[in-house]
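Colleague: structural data only, the sequence is not supplied:
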DNA sequence: CGACCGATTGACT
DNA sequence: GTCAATCGGTCGG
C-alpha cells in the first residue's frame, strides 16, 4: 500500500473524514512501528462553531491553517492530547479528528503506552475493549503529543497508507460527540459494527 | 494578571 | 447515570 497523496487531503473535510475510514495510520517511534486502522472520525470545518479554528488563527490552532496532510495535535482538559488530520488548502483552517482506531501491529506496545490499562484480551479476536476507542486514548497508545503537532503526513514519522474504499453501506453517520455548539451537524463517521468504535 | 472552560477519561453512586 | 482531575488557551479588566 502507498501513502495517501497530498491531493487526498485537499478535498472537502467531511469527504476526507469519510474516506479516512479503513485507511492505515503508521507511527514510527525509533525502530518501533505501530500500525492502526482508522474506524471513527469527525469533520471540523470553517464556519463551524465547534471548530477550534472558528474564531480565527491563534497560536494553538495555527497548524489547522497549514496545508492539508499535516497532523494537528492539541492538549485539552489539562491532561489529554487529541490528533487531527488537517484538510484543505493553506489557510483554510479545517481538520478531521481521529476518534477511534483498530490496532493492527504493535498492540503490546500500545498497551504499555496506555499505562494503567488492564483489560483482559480476548484470545480469539485480540479484542481489547477501550484500548483505542477515543481520541485521547489513540494519542496515548500511539505516543502522540505536543511534539508531534505539525508533522507532515507525507513524511516518515507518522503517515497514512491507502486502502480500498469502503462500501457506502459500511459507513454510519451521526452527530459529533462532546461538543456544545454545532451539535446538530452530521459530521461523525464510523465503520458500522466495528467493535473498536467509541461508545 | 485572574477567571473560565474544554473535540476526555476513568472512577464511582 | 454523575463528577472530579488538571492545566494551557483564550479573553476580559
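Modeller: Cool, the structure landed. Treat the numbers as computed from the prediction; the structure is a model and nothing was measured.

Colleague: residue A:67 contacts residue A:85, doesn't it?
Modeller: No: using CB atoms under 8 Å, residue A:67 makes no contact with residue A:85, being 11.8 Å away. Bear in mind the C-beta positions are built from the backbone N, C-alpha and C, glycine included.

Colleague: and the average pLDDT for the strand or helix carrying residue A:138 is what?
Modeller: In this assignment (DSSP states H and E), residue A:138 forms part of helix A:135-141. Mean per-residue pLDDT for helix A:135-141: 98.

Colleague: is DNA strand B contacted by that helix?
Modeller: Yes: using CB under 7 Å from any atom of the strand, helix A:135-141 reaches DNA strand B at A:135, A:136, A:137, A:138.

Colleague: between residue A:67 and residue A:85, which one's more packed in?
Modeller: Legend: neighbour count by other CB atoms under 10 Å for residue A:67 and residue A:85, higher for residue A:85 (28 against 16).

Colleague: what's the closest non-adjacent residue to the more buried one?
Modeller: Distance criterion CB to CB, 6 or more residues apart in numbering; nearest residue to residue A:85, sequence neighbours excluded, is residue A:96 at 4.7 Å.

Colleague: got the residues of chain A near DNA strand B?
Modeller: Proximity of chain A to DNA strand B, by CB under 7 Å from any atom of the strand, involves residues A:42, A:44, A:50-53, A:64, A:72, A:76-80, A:82, A:84, A:95, A:97, A:114, A:116-117, A:130, A:134-138, A:176-180, A:198.

Colleague: now with 6 Å, please.
Modeller: A:44, A:50-52, A:76-78, A:80, A:82, A:84, A:95, A:97, A:116, A:130, A:134-137, A:177-180 (CB under 6 Å from any atom of the strand).

Colleague: okay, now the unreliable bits of chain A?
Modeller: Low-confidence segments of chain A (pLDDT under 70): A:118-120, A:123-124.

Colleague: which parts of it are helices?
Modeller: With DSSP state H, the ranges of helices along chain A come out as A:6-9, A:13-19, A:107-113, A:135-141.

Colleague: quick one: buried residues of the first one?
Modeller: Spelled out, that is helix A:6-9. Of all the residues in helix A:6-9, those buried under the rule 16 or more other CB atoms under 10 Å are A:8, A:9.

Colleague: which other helices and strands contact that helix?
Modeller: helix A:13-19, strand A:80-87 (3 or more CB pairs under 8 Å, 6 or more residues apart in numbering; DSSP states H and E).

Colleague: mind putting the ones you listed into TSV with distance to residue A:102?
Modeller: Formatted as TSV, the helices and strands packed on helix A:6-9 follow (distance: least, CB to CB, whole Å):
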stretch	distance to residue A:102
helix A:13-19	17
strand A:80-87	15
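
Colleague: one step back: what residues are shared contacts of residue A:67 and residue A:85?
Modeller: Jointly contacting residue A:67 and residue A:85 under the rule CB atoms under 8 Å, 6 or more residues apart in numbering are residue A:9.

Colleague: bridging residues for the residue most central in space within chain A?
Modeller: Centroid-nearest residue in chain A: residue A:98, 1.8 Å away (criterion: CA atoms, centre = their mean). Beta-bridge pairing for residue A:98 (DSSP bridges): residue A:41.
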